[in-house]
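Asker: When you get a sec, could you give me coordinates for this:
(one chain, ligands or ions: 1)
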Amino acid sequence: MKLKIACIQMDIEFGNPDKNYAEAKKWIKKAAEEKCDIAVLPELWTTGYDLARLSMIGDKNAEESVCFLQNAATEFAIHLVGGSVAKITPEGIFNTTLIVDRNGQLIKEYEKLHLFRLMDEHLYLQGGKKDGLFHLENETFGTVICYDIRFPEWIRRHALSGAKAIFVSAEWPNPRLHHWKSLLIARAIENQCYIIACNRVGSDPKNQFFGHSLIIDPWGEIVAEGMEGEELVTGEIDLKNVLHVRNTIPVFEDRLPKFY
Ligand SMILES: NC(=O)CCC(=O)C(=O)O
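Answerer: Next up is the predicted model:
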């Protein structure tokens, strides 16, 4: 199965959901015009890291974001890996990815598992408890959020459950470009799967974000990479390559979990 992917490498206006919804809609339209099958948004794309105000500007039960994504997906006939939004629930606020298919069905919600203390997430957010596996076009995919990629066991769990491509929504700032690229390439090589990672650009009061969204194939080669400004980073993935690479070097057959 071949799919054309667009990473929406957008700037995010700090604490201004209305502005960010409008911007995201323009980018989703552009992705559809470029005949992409799936568009991916960055992490916390409605609010940015305005964590102290999330109880006011976050999204109660993610209702507004789900509605926005459903309307955009159906209007532009495109599957959406809807980045993540601050979902307000009675149990707290979760950094939540929303996946909506091109028929407008909400097919998955994934709550970021690993909270990133360097950006104060532990002070304002709750960690999720469930995996990011989902099904689209009769294929299995995974989705995780930003800091999650530092945990190879978590990504491996998705690959072991059949994910042939793993989406990553991120707000990954300077000065850690080297970590961003190296970790993503390593996750692709060790799991022999596609990694599709969408990072924001621009800045907020505390951080500057470098973009460099990446589409990486199961051999670890870069299919597409963004620069440091706003752009749509597009590339084609062919899920047949996953089996080809896994047959060439049978890492999954050679694993010896009883020793790990
Ligand atoms: N938003 C995040 O999770 C950032 C993670 C990050 O920057 C890192 O170095 O890890």
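Asker: which helix in the protein runs the most residues?
Answerer: In the chain, ranked by residue count with DSSP state H as the criterion, the top helix is helix 17-33.
Asker: Just list the residues touching N241, thanks.
Answerer: For N241, the contacting residues are 194, 217-219, by Cβ atoms under 8 Å, 6 or more residues apart in numbering. (C-beta placed from N, C-alpha, C; glycine too.)
Asker: Keep only those of those that are in helices.
Answerer: Among the contacts of N241, no residue falls in helices (DSSP H).
Asker: Can I get the buried part of the residues you listed as one PyMOL selection?
Answerer: Selection of buried members from the contacts of N241 for PyMOL, criterion 16 or more other Cβ atoms under 10 Å:
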select buried, resi 194+217+218
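Asker: Mind picking the two most distant members of the contacts of N241?
Answerer: Farthest apart among these by Cβ to Cβ are Y194 and W219. That separation is 10.2 Å.
Asker: Which residues are in contact with each of the two?
Answerer: Common contacts of Y194 and W219 (Cβ under 8 Å, 6+ apart): 188, 241.
Asker: Please list the residues of the stretch 101-250 of the chain that sit near the ligand.
Answerer: Residues of the stretch 101-250 of the chain found near the ligand (Cβ under 6 Å from any ligand atom) are 116, 119, 146-147, 150, 171-173, 176, 179.
Asker: Could I get the pLDDT score of E23?
Answerer: E23 carries a pLDDT value of 98.
Asker: do H79 as well
Answerer: Looking at H79, its pLDDT reads 98.
Asker: what bridges to it?
Answerer: Beta bridges link H79 to I38, judged by DSSP bridges.
Asker: For the ligand, see how far away it is.
Answerer: Counting by Cβ to the nearest ligand atom, to the nearest Å, the gap from H79 to the ligand is 24 Å.
Asker: what's the neighbour count on that residue?
Answerer: H79 has 23 neighbours, counted by other Cβ atoms under 10 Å.
Asker: Ok, K258 next?
Answerer: 5.
Asker: Neighbours of F259, how many?
Answerer: Residue neighbour count, defined by other Cβ under 10 Å, stands at 5 for F259.
Asker: Which pLDDT does the model give it?
Answerer: F259 is assigned 97 on the pLDDT scale.
Asker: Turn the contacts of N241 into TSV, columns for pLDDT.
Answerer: Shown next, in TSV, are these (pLDDT from 0 to 100):
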residue	pLDDT
Y194	99
D217	98
P218	98
W219	98
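Asker: List phi and psi for L118.
Answerer: Main-chain dihedrals, L118, degrees, to the nearest 10: phi -60, psi -20.
Asker: my bad, Q208
Answerer: As for Q208, its main-chain torsions (degrees, to the nearest 10) stand at phi -120, psi 130.
Asker: about what we covered before: in the longest helix of the chain, which of the residues would be classed as buried?
Answerer: Buried, per 16+ other Cβ under 10 Å, within helix 17-33: 17, 20-21, 23-24, 27-28, 30-32.
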